[in-house]
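# Quick one, fold the following:
(chains A, B, C and D)
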Number of protein chains: 2
Amino acid sequence: MEIEAATAPKGRPREFCVDAALAAALRVFWSKGYEGSSMADLTEAMGITKPSLYAAFGNKEALFNKALDLYELEKTDYMRAALDAPTARGVAERLMHGALDMYSCPENPGGCLGVINSVACGAEAECIREAVVARSAAAKQAMLERFTRAKAEGDFPDDVDPAGLAAFLTAMNQGMAVQAGAGATRAELERLVETGLKLWPGR
Amino acid sequence: MEIEAATAPKGRPREFCVDAALAAALRVFWSKGYEGSSMADLTEAMGITKPSLYAAFGNKEALFNKALDLYELEKTDYMRAALDAPTARGVAERLMHGALDMYSCPENPGGCLGVINSVACGAEAECIREAVVARSAAAKQAMLERFTRAKAEGDFPDDVDPAGLAAFLTAMNQGMAVQAGAGATRAELERLVETGLKLWPGR
DNA sequence: CGATTTCCATAACGGCTGGTATATAAGTTA
DNA sequence: TAACTTATATACCAGCCGTTATGGAAATCG
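Below is the predicted model:
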């Protein structure tokens, strides 16, 4: 019956924290990409051995997908929050500033996990790529819907279309990610954001 | 003495065309990235065996650098041409349309060789990454100088700075590359370019 | 012609890849 | 205590990685 949380894990309890290990794995994937991260890199960073990793997470691909879930959960929630801004300009501001904070946070690896793993890869990582691309497509779709509403509400002129604006904002985010991954300083990214917002239509 | 071109290659002549093989190698690197391209992939696409490859090009890294030279030479010369446009807006137009044509040409692999290999990689490909990043930094620097001149010539308002504009255009290019690599259609990229040019300051 | 030089093809190298089989340690339940 | 269940540690697997040694084929030079 056991309605309460399972208080009796029958066998020997594991000696490591699954969440902490997953967070460590995320950092590795984030800085080296899926293909560039070897199992040796991962186990060393996670502080566990290979059998423990396989028992807890399945395999490398499953581990990546769980790391991707974690990434979306705690690293890109600024995106969801941004879409709640009252105006299209507010959305753009929150989105760019959120990206800026994330990409220039010294505790994070440079760049964006999604961009890193969606550009190109060998044959065996193709399914990873597809998974990542699908997620970013969903994000772009949400932006498109938000801007369609914004246009109906008169947030920007008639001669700019919502799809173009969504693609534009996505491109700015991706460009920031690439430049951050290439070693751009926070000041440089700030200039980029400032320029992008200066060019943003309306207000 | 031999002032004329060497007409007497002493030993057995090679049976393949070096330029064609290099072009084939470029396509592989361009679609799979440096790490994702195995020697087997390369030799198969180039139609030669591994010893021939090593004799003609050195090793994988040297082959990549030569492919990168070829890429810059014949795939990104639109960038150099763009900087010669009479106005900053002309530069932006040529740059974006040039990128659009290249990224949506069905004969090319999707994406940008530079972006693909500058985002992240394992330890052994770090030197490749640095080489690619250095080149794109040079391109950005050329753009910065062009826009500094443009500002002096009054091509755009005082409240936008040349560095920001260079970073912005670079970001647009990188965003297009990422989206093209993720499977965006030409129509989608056209919308992105159109929007970007609509937001461009002045005129 | 013979000698020399270079290229091609086969096959192998050590090392690393992601993934496991086996044995032992560390807990719980009875 | 004995029986059971699960985690850990070591060692290992087949397969691929980039790279190279070896042996023979094809050209020019003397």
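# Now do stretch A:126-145: distance to the chain's middle.
Relative to its chain's centre, stretch A:126-145 lies at 11 Å (CA atoms, centre = their mean, to the nearest Å).
# Check whether it comes into contact with chain B.
Yes. Against chain B, stretch A:126-145 shows contacts by CB under 8 Å from any CB of the partner chain at A:133, A:136-137. Quick note: C-beta positions are derived from backbone N, CA and C, even for glycine.
# Repeat that for stretch A:99-115.
Yes. Legend: contact between stretch A:99-115 and chain B by CB under 8 Å from any CB is shown at A:111, A:115.
# so who does A:M79 touch?
A:95, A:98, A:139, A:142 (CB atoms under 8 Å, 6 or more residues apart in numbering or on different chains).
# What residues sit buried inside stretch A:194-203?
The neighbour-count check on stretch A:194-203 (16 or more other CB atoms under 10 Å in any protein chain shown) flags A:194-196, A:198-201 as buried.
# List the buried residues in the longest helix seen in chain A.
Ranked by residue count and defined by DSSP state H, the top helix of chain A is helix A:126-152. Under the neighbour-count criterion of 16+ other CB under 10 Å, helix A:126-152 has A:128-129, A:132-133, A:135-137, A:139-140, A:143-144, A:146-147, A:150-151 buried.
# That helix near DNA strand D at all?
No. Residues of helix A:126-152 contacting DNA strand D under CB under 7 Å from any atom of the strand: none, with a closest distance of 13.7 Å.
# what is the rounded mean pLDDT of that helix?
Across helix A:126-152, pLDDT averages out at 95.
# Which strands or helices does that helix pack on?
helix A:60-75, helix A:77-83, helix A:88-104, helix A:113-116, helix A:162-181 (3 or more CB pairs under 8 Å, 6 or more residues apart in numbering or on different chains; DSSP states H and E).
# what do you get if the cut-off is 10 Å, keeping everything else the same?
Packing partners of helix A:126-152 (3 or more CB pairs under 10 Å, 6 or more residues apart in numbering or on different chains; DSSP states H and E): helix A:18-36, helix A:60-75, helix A:77-83, helix A:88-104, helix A:113-116, helix A:162-181, helix B:18-36, helix B:162-181.
# got a markdown table for these, with mean pLDDT and distance to B:F156 too?
What follows is those, written out as a markdown table (pLDDT from 0 to 100; distance: least, CB to CB, whole Å):
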| stretch | mean pLDDT | distance to B:F156 |
| --- | --- | --- |
| helix A:18-36 | 97 | 36 |
| helix A:60-75 | 95 | 35 |
| helix A:77-83 | 94 | 28 |
| helix A:88-104 | 97 | 20 |
| helix A:113-116 | 96 | 29 |
| helix A:162-181 | 97 | 18 |
| helix B:18-36 | 97 | 34 |
| helix B:162-181 | 97 | 7 |
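# Measure how buried A:P13 is and give me the count.
6 (other CB atoms under 10 Å in any protein chain shown).
# should've said A:A125
22.
# hang on, isn't it packed against A:I116?
No. Using CB atoms under 10 Å, A:A125 makes no contact with A:I116, being 11.4 Å away.
# shared neighbours, those two?
In terms of CB atoms under 10 Å, 6 or more residues apart in numbering or on different chains, A:A125 and A:I116 are both contacted by the residues A:33-34, A:132.
# between those, which is nearest chain B?
Top of the list for closeness to chain B, among the shared contacts of A:A125 and A:I116 and by CB to the nearest CB, is A:G33 at 4.1 Å.
# How about that closest one: what's its closest non-neighbour residue?
Distances taken as CB to CB, 6 or more residues apart in numbering or on different chains place B:A120 nearest to A:G33, at 4.1 Å, with adjacent residues excluded.
# what pLDDT does the one you found get?
83.
# okay, the residues of stretch A:126-145 next to chain B in JSON lines with distance to A:L73 next?
Formatted as JSON lines, the residues of stretch A:126-145 next to chain B follow (distance: CB to CB, whole Å):
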{"residue": "A:V133", "distance to A:L73": "19"}
{"residue": "A:S136", "distance to A:L73": "15"}
{"residue": "A:A137", "distance to A:L73": "18"}
